[in-house]
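Undergrad: test case, fold it:
(one chain, ligands or ions: 1)
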Amino acid sequence: MRYYLGLATTFHDPALALVGPDGAVLFAEAAERFLQYKRAPNCEPDPGTRMGGLLQEHVPAGAELVIASSWGGQFADFLKGQAASGAFDLPALAAHPSTLNRSFVPERAERIFIADLHAMQARAGNGTILALDNETRGFGGRPRATIAGQRRYTHHLAHAAYALWGSPFSEATALVVDGMGETGSAAIFRLRDGRIEEVRRHRGRGSVGFLYGLVTDLAGFDQIKGEEWKIMGLAPYGRSDPVLMDLLRRLYSLEDGRLRFADSATVQTVAAAVLARRPTDLGEQGWADLARCGQDIFSELMDGLVAEAWALAPGENLVIAGGCGLNSSYNGRVLARSGFRRLHVPSAPADDGNAIGAAWLALAEDRPDWTGPKAEARPLTPYLGSIVSTEPLARMAAWEPRARCLGYEGVTRAAATILAEGGLVGWVQGRAEFGPRALGNRSILADPRPAHAKDALNAKVKYREAFRPFAPSILAEAGPDWFEDYADSPYMERTLVWRAAVRDRVPAVVHADGTGRLQSVTRERNPRYAALIAAFADLSGVPILLNTSFNVMGKPILHTAEDAILMFTTTGLDAVVVEDWILTKAPPA
Ligand SMILES: [Fe+2]
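TA: Presented below is the predicted three-dimensional model:
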C-alpha cells in the first residue's frame, strides 16, 4: 500500500498533506496552525517531532510512503538569468524611506532570503525520515512506513493539480496566478480525461501578485505580513483617481499578453511620485484611493489572463489557483466578464494548497489509471485538518461551573440563543479548515443584524481596522433571496452583491459597496454549522451569521482548546463552544 506525503515548501504558507492509495486526502494542514506562527515563513512543514504521531494516525503499518514536494529545481537558474539580464534589479527601490525597504529587499537580503528558502526546501522531508527512523528504534526495527522515493513537482503545476482534481469538474481550464513560481508568475493548464496538461507558461519576473504586493506597501500596509487582504477590503472606500491610475500603469507594460515590469529607475520614480501623493494622516487605515486603483489594475490584468485562458483552452469551467485566487472581489465578477460559465476556486488557492497538489501528482505518476479523487469526494472538502481535544474543558469543569457538556443539540441551542441576544461566540467543531478562511469549524460568530455588531466585534475581540468587512455564512437554500445572481460559494471564494431590499436587515455583513464575501452552508458539507444557523434563523428570522476566523490580529487561527480558552479569557467573547462543550462568561441559569 503506497501513501503520499505532500509538502508545500515555499517561503510562506508551508503545509503538509497525507493522501491515501486511492487519492483520498487523509489530512492537510498549514504549518502555521500547529506552530501558531502566522504564515510560518521558511519553516519546514514536517518537523520530526510532529510526523511520528501523524503517520501513526493516518498511515497503516507496513505502508510505503512517497514524499512529494512542490518546488522544482529551475529557480536558481532562473534567478541567475534574471540577474544577468538586469531584470532582477528592482531592489534599487530599497533606498526609498518607506515600508518598501522591506518588500523590495536589497540584494544582500534577497540572497539571504533565497538561501533560507533553499535551506528549508532541503530540510523538508527530513522530519518524516527522522520520525520513521525513530520508529525503527522504538518498534523493534519495523518502521510504520518505508520511504519509496522523494520527488519534486513544479510550483504552478502543483497549484493546478490541487485546484483541478479537487474541483467538481471532469474537464476544466485552470489559471494559476501568484507572486512567483520557479520561472514566472502565471500559467494555464487544462484538465481532460482526468489528466492535466500545461497550455501556457508565462516566464519572467513580471507578476500580478508582486504588483498587488507593491500597491499593498505603497498604500501603507505590509505585503510581507500578507496584508494584501486589506487592499481588497479598503478598495470600496476609495475613488478611482486618474493620476494614480496613470502612475500605476507606468509600472508595467503588456507585451503579447505578457506582463513586464518597467526598468527599476522607472519603478523607483513612479513609487516616489505615488508616495508623494499619499496623505500624511493615514494612520493604520491605509490609503483608500490607491487601494481602489490597485484593485482596478489587478482586475484589468486578471481579465487579460482569463481572456488568454479562454482563447487557448475554451470551455464551460474555469478554475483559479495561486495566491491571486484569494481575491474574492475579482472572483465574484469574473464569470460576467468571460466566456466561462462556472467557477471553482479551492479553499487553499495559495501555496498551502500545493501540499495536496504535489501528493496527487506523485500518485498520478504512479498510477496512470488514476483520474482524480472519487466523485463523492469532489469538490474537495475544506475540513481536512486537526481536531481539537475537549479534555481541557472536561478538566476545567471540575472547578469551573461555567464549563459544561451539553451535547450537540444543547450547545447548538445555547449558542444560537447567545447569538440572537447579541453575544459573541467562538465556535470550534470537527476538523480544521484547510486554507486561510474559517468556514464554521474555527469561527467567531455574531448576529449580523445590529449595525454596531462590527464595531463591537472589533472592540472586544478582533482589534482590526474598521474598514475591513466581516463575512456572512448563509444557508445555501436562502442564498437567492439575499444575493443578486447568487452562486454557490462554499469556501468564501467569491464576493456577491446583496439584494438592495435586504441590506438594512444585516448591516454588519454588508460592505461599503453593497457586497458580501459569502459562505454557502449546506447540511451535507457541514451539518453542525448548518444546524446552528438554522437554530439562529428560528430565533431571528435571518438564516445568516457573521463569521470571522477564530484568532486575534497577527495570530493564526487557533489549534487547541487551550488556545480557544485563552482567547475567551482575554477578549470580550461571551461563550466558546468546543464540540459538545460550552464555556460561558455568564453563570449557568
Ligand atoms: Fe504560489
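
Undergrad: OK, contacts around the residue of the stretch 251-400 of the chain found nearest the ion?
TA: Nearest residue of the stretch 251-400 of the chain to the ion: Asp351, at 4.5 Å (C-beta to the ion). Using the backbone N, CA and C atoms, a C-beta is placed for each residue, glycine as well. If a contact means C-beta atoms under 8 Å, 6 or more residues apart in numbering, then Asp351 has 8, 10, 12-15, 70, 155, 159, 178, 323 as its contacts.

Undergrad: show me what the longest helix seen in the chain is packed against.
TA: Longest helix of the chain, by residue count under DSSP state H: helix 288-312. Using 3 or more C-beta pairs under 8 Å, 6 or more residues apart in numbering; DSSP states H and E as the contact test, the elements touching helix 288-312 are strand 172-177, strand 186-192, strand 195-202, helix 208-218, helix 228-234, helix 242-249, helix 328-334.

Undergrad: pick the most buried one from those.
TA: Neighbour counts (mean count of other C-beta atoms under 10 Å) averaged over each of the helices and strands packed on helix 288-312 peak at strand 172-177, with a mean of 29.

Undergrad: is there proximity between it and the ion?
TA: No - taking C-beta under 5 Å from the ion as the criterion, strand 172-177 and the ion are apart, separated by no less than 7.5 Å.

Undergrad: how close does the residue of the stretch 251-400 of the chain closest to the ion get to Thr9?
TA: Noted for Asp351: a distance of 9 Å to Thr9, by C-beta to C-beta, to the nearest Å.

Undergrad: what touches both of these two?
TA: Common neighbours of Asp351 and Thr9 (C-beta under 8 Å, 6+ apart) are Ser70.

Undergrad: can you tell me the SS state at the residue in the stretch 451-589 of the chain positioned nearest to the ion?
TA: Among the residues of the stretch 451-589 of the chain, Glu493 lies closest to the ion, at 16.3 Å counting by C-beta to the ion. Assigned by DSSP: H, G, I helix; E, B strand; the rest coil, the conformation of Glu493 is coil.

Undergrad: who touches it in this structure?
TA: 325, 328, 331, 345-347, 349.

Undergrad: confidence score at the residue minimising distance to the centre of the chain?
TA: Nearest to the geometric centre of the chain sits Pro436, at 3.5 Å (C-alpha atoms, centre = their mean). Model confidence at Pro436, given as pLDDT, is 96.

Undergrad: gap between it and Val388?
TA: Distance check for Pro436 against Val388: by C-beta to C-beta, it reads 18 Å.

Undergrad: number of residues surrounding the residue of the stretch 101-250 of the chain found nearest the ion?
TA: Taking C-beta to the ion, the ion has its nearest neighbour within the stretch 101-250 of the chain at Asp178, 3.5 Å off. Asp178 has 26 neighbours, counted by other C-beta atoms under 10 Å.

Undergrad: and what of Glu421?
TA: Glu421: 10 surrounding residues under other C-beta under 10 Å.

Undergrad: element containing Glu64, please.
TA: strand 63-69 (DSSP states H and E).

Undergrad: partners of that strand in the sheet?
TA: strand 2-8 (parallel), strand 145-152 (parallel) (DSSP bridges).

Undergrad: out of the ones you listed, which comes closest to Glu171?
TA: For Glu171, the closest of the strands paired with strand 63-69 is strand 2-8, at 23.9 Å, according to C-beta to C-beta.

Undergrad: just the CA trace of the closest one, in PDB.
TA: The C-alpha trace of strand 2-8 is given here as PDB (Å, rounded to 0.1, in the frame of the first residue of the first chain):
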ATOM      1  CA  ARG A   2       1.500   3.300  -1.100                       C
ATOM      2  CA  TYR A   3       0.700   6.500   0.700                       C
ATOM      3  CA  TYR A   4       1.800  10.000  -0.400                       C
ATOM      4  CA  LEU A   5       3.100  12.900   1.800                       C
ATOM      5  CA  GLY A   6       2.800  16.200   0.000                       C
ATOM      6  CA  LEU A   7       4.900  19.100   1.200                       C
ATOM      7  CA  ALA A   8       4.300  22.800   0.300                       C
END
